[in-house]
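# Can you look at this prediction? I've put the sequence above it.
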Amino acid sequence: MMRPVDQQTILITGATDGIGKLTALQLAQQQAHVLVHGRNKDKLIRVVEKLKETSANQKIDGFRADLSSLDDVRRLADEVLAKFPALDVLINNAGVGTADERLSKDGYELRFAVNYLAPFVLTHLLLPALRKAAPARIVNVSSAGQAPVDFGDVMLDQNFEPVRAYGQSKLALIMFTFDLAEQLKADEITVTTLHPGTYLNTNMVRRAGVRPLGEPQSGADAVAFLAVSPEMEGTTGKYFNVTTEDRVNAQAYDEKARRQLRTFSLELTGLKQSGV
């Protein structure tokens, strides 16, 4: 069994807005030690102070990193490991949508870089801390909007389309979830992923020009449920539509495709398989 929530250390990426911020508040109110990640330094400082005030919990720390830069992702991992050698929960929530720019700081397709490559690298680098805290959990915030990974043109240089790029990045994250869950079973680290809700009222949805259909609190409730609920004890390698287990695009169940994605990602990021 995992430790009680008030004894857990939990890192949430993309936690200065929307679902991530509301998840951070919910877990802070349960007196967890919450590590808040954000891209903008000033905003991060304001959010950390506001969370402390609102939750009456001083165990909140901020970490700044631009997840469109893999060097920043590596630096974030180093800073977290230096301060927190044991990590109970990692919530990969940060993401970009269809309205954002075309390329990442490293020249990769931005959605693939931020929504998939960043959590791929961060998760691998933080595995020592998750192992030290085990039983531990990894929660990946994906989407019901999914598109198969085009291994012949992963960065979509030949045929870029924002919605397709977003769907491909989120399916890649789901494939990573299923793949990693199998690899970590012996380590008592569970890995789950979820669609937090359709067109919730977040910055990402508003920037895309879409009329929101719901509020982000329901998404935050679902993320927190997967992250700390005793009901999720031992559940791994599953995708949830909010909190209901569901099926995803067929490519995610193709072991050959998952292996191909893993090999491509390890080569692209310079990570070694032995790190798992």
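Thanks, I have the structure now.
# residue ranges for the strands of the stretch 151-276 of the chain, please.
Counting by DSSP state E, counting those that start in this stretch, residue ranges of the strands within the stretch 151-276 of the chain are 189-195, 238-241, 244-245.
# For the longest one, name the packing helices and strands.
Going back to what we said before, that points to strand 189-195. With contacts taken as 3 or more Cβ pairs under 8 Å, 6 or more residues apart in numbering; DSSP states H and E, strand 189-195 sits against helix 118-133, strand 136-141, helix 162-183, helix 216-228, strand 238-241. No exception for glycine: its C-beta is placed from N, CA and C like everyone else's.
# Looking at the ones you listed, which is nearest to residue 10?
Across the helices and strands packed on strand 189-195, residue 10 has its closest neighbour in helix 216-228 (6.7 Å, Cβ to Cβ).
# So which helix or strand of this protein has the lowest pLDDT on average?
Least confident helix or strand, the chain: helix 203-207 with a mean of 76, by mean pLDDT, DSSP states H and E.
# residues contacting the closest residue to residue 140 other than its chain neighbours?
Distances taken as Cβ to Cβ, 6 or more residues apart in numbering place residue 193 nearest to residue 140, at 4.2 Å, with adjacent residues excluded. Applying Cβ atoms under 8 Å, 6 or more residues apart in numbering to residue 193 gives the contacts 139-142, 173-174, 177, 238-240.
# Distance check, residue 193 against residue 9.
Using Cβ to Cβ, to the nearest Å, residue 193 is found at 21 Å from residue 9.
# Residue 127: neighbouring residues, count only.
22 (other Cβ atoms under 10 Å).
# Stretch 46-58: which residues count as buried?
Buried residues in stretch 46-58, counting neighbours by 16 or more other Cβ atoms under 10 Å, are found at 47-48, 51, 55, 57.
# Sort out for me which of these are in helices.
Judged by DSSP state H, helices contain the following of the buried residues of stretch 46-58: 47-48, 51, 55.
# With distance to residue 187 as added columns, please give these in TSV.
Formatted as TSV, those follow (distance: Cβ to Cβ, whole Å):
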residue	distance to residue 187
47	32
48	30
51	30
55	31
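# which one of those residues is nearest residue 210?
Of these, the one sitting nearest to residue 210 (Cβ to Cβ) turns out to be residue 47, at 24.5 Å.
# show me the contacts for the closest one.
15-16, 21, 24, 36, 38, 62.
# Could you list the residues in contact with stretch 233-248?
Outside stretch 233-248, the residues touching it (Cβ under 8 Å, 6+ apart) are 1-2, 135, 142, 144, 146, 171, 174, 177-178, 181-182, 184-185, 190-197, 218-219, 222, 225-226, 252.
# Which among the residues you listed count as buried?
2, 142, 144, 146, 171, 174, 177-178, 181, 184, 190-197, 219, 222, 225-226, 252.
# tell me the contacts of the residue positioned nearest the centre of the chain?
Central residue of the chain (Cα atoms, centre = their mean): residue 92, 1.5 Å from the mean position. Taking Cβ under 8 Å, 6+ apart, we find residue 92 in contact with 13, 118-119, 122-123, 138-141, 173.
# Of those residues, which pair is most distant in space?
Maximum pairwise distance among the contacts of residue 92 (Cβ to Cβ): 15.0 Å, between 118 and 139.
# any idea how far the residue of the chain most remote from its centre is from residue 250?
Relative to the centre of the chain, and counting by Cα atoms, centre = their mean, the farthest-placed residue is residue 158 at 27.7 Å. Per Cβ to Cβ, residue 158 is found 23 Å from residue 250.
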